[in-house]
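[1] what's the 3D shape of this:
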Amino acid sequence: MDGRGGSFVAVRRISQGLERGNNTCHSTSAEVVAGSAAWLGRGLSCVCAQRGEYDARPSFDLTPVQEECLQRLQSRIDVPYDSSVLDHQKSFQDLLQKREGDRSVWEYPFAVAGVNITFMLIQMLDLEAVKPRTLVGATFLKFLAENDSAFDLLYCITFKLMDHEWLTIQASYMDFNAVMKSTRCQLERELLSEDITLLEDLPSYTLLAQ
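    Purely as a prediction, here's the structure:
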């Protein structure tokens, strides 16, 4: 809260010129922006992954099934949240009400965390590209070809993982960016593990049952 009673808003900005590797954590510079909830509505376009104009990266060939699945997922990017859908409602409510774990003195702003996770996954998985240009993006498409709800499931896993990381370090709002980076690193490591054949095999998947 600020001195005028406005609510705290943290927004993650991902820098241009992101470096990528096949099996490494892709940390990015980020900053926390404090402001009012109204600012978030006006400046939501700021919460996005931006890349340099000449950021050339390799691309991966897609099977017809993978291409169709990617196009369907891309068409959902602008679809608003539907509260009538029951999938993962328990996990959503547990996170929203902060029911689990030994909660931190400082809690992250729930809605802003959700926005950051959404754009982090879109950027990390390269979902706005015609075909993925990163190994983690190509790996995810294999899961998507097997399960149309793969993104929904991965989103829930990511949110629970972020919440777990937050509690592990007893974070404050000043640690928001560090927690987001740590969450992304852990998620990439798990997705690129040779032992993972389904999203349900991810070690962090077990967090959904806690």
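
[2] tell me, how many residues neighbour residue 135?
    17 (other C-beta atoms under 10 Å). (Glycine included, C-beta is placed from N, CA and C.)

[3] surely it touches residue 192?
    Yes: Residue 135 is in contact with residue 192 according to C-beta atoms under 8 Å; the separation is 6.5 Å.

[4] do a quick rundown of the strands in this protein.
    Along the chain, no stretch is classed among the strands by DSSP state E.

[5] which helix of it spans the most residues?
    Assignment by DSSP state H gives helix 150-168 as the longest helix of the chain.

[6] report all helices and strands that that one contacts.
    Packing contacts for helix 150-168, counted by 3 or more C-beta pairs under 8 Å, 6 or more residues apart in numbering; DSSP states H and E, involve helix 89-96, helix 110-124, helix 135-146, helix 176-191.

[7] next, the buried residues of the second one.
    The reference is to helix 110-124. In terms of neighbour count (16 or more other C-beta atoms under 10 Å), helix 110-124 has its buried residues at 112-124.

[8] average model confidence for that helix?
    Averaged across helix 110-124, pLDDT comes to 90.

[9] quick one, that helix and helix 150-168 angle?
    120 degrees (axes from the mean of the first three to the mean of the last three C-alpha atoms, to 10 degrees).

[10] kindly report the same for the longest one.
    Here helix 176-191 runs at 130 degrees with respect to helix 150-168, directions being taken by the same axes, to 10 degrees.

[11] buried stuff in stretch 175-184?
    So, applying 16+ other C-beta under 10 Å, buried residues of stretch 175-184: 175, 176, 177, 179, 180, 181, 182, 183, 184.

[12] the last one contacts residue 123, correct?
    So the one you mean is residue 184. No: counting by C-beta under 8 Å, residue 184 does not reach residue 123; the two are 9.3 Å apart.

[13] per-residue confidence at residue 172?
    85.

[14] how close does the nearest residue in space to residue 72 that is not next to it in sequence get to residue 159?
    In this structure, residue 72 finds its nearest non-sequential neighbour in residue 148, 7.1 Å apart by C-beta to C-beta, 6 or more residues apart in numbering. From residue 148 across to residue 159, the span is 20 Å (C-beta to C-beta, to the nearest Å).

[15] can you pick out the residue with more neighbours from those two?
    Per other C-beta under 10 Å, whichever of residue 148 and residue 159 has more neighbours is residue 159, with 22 against 11.
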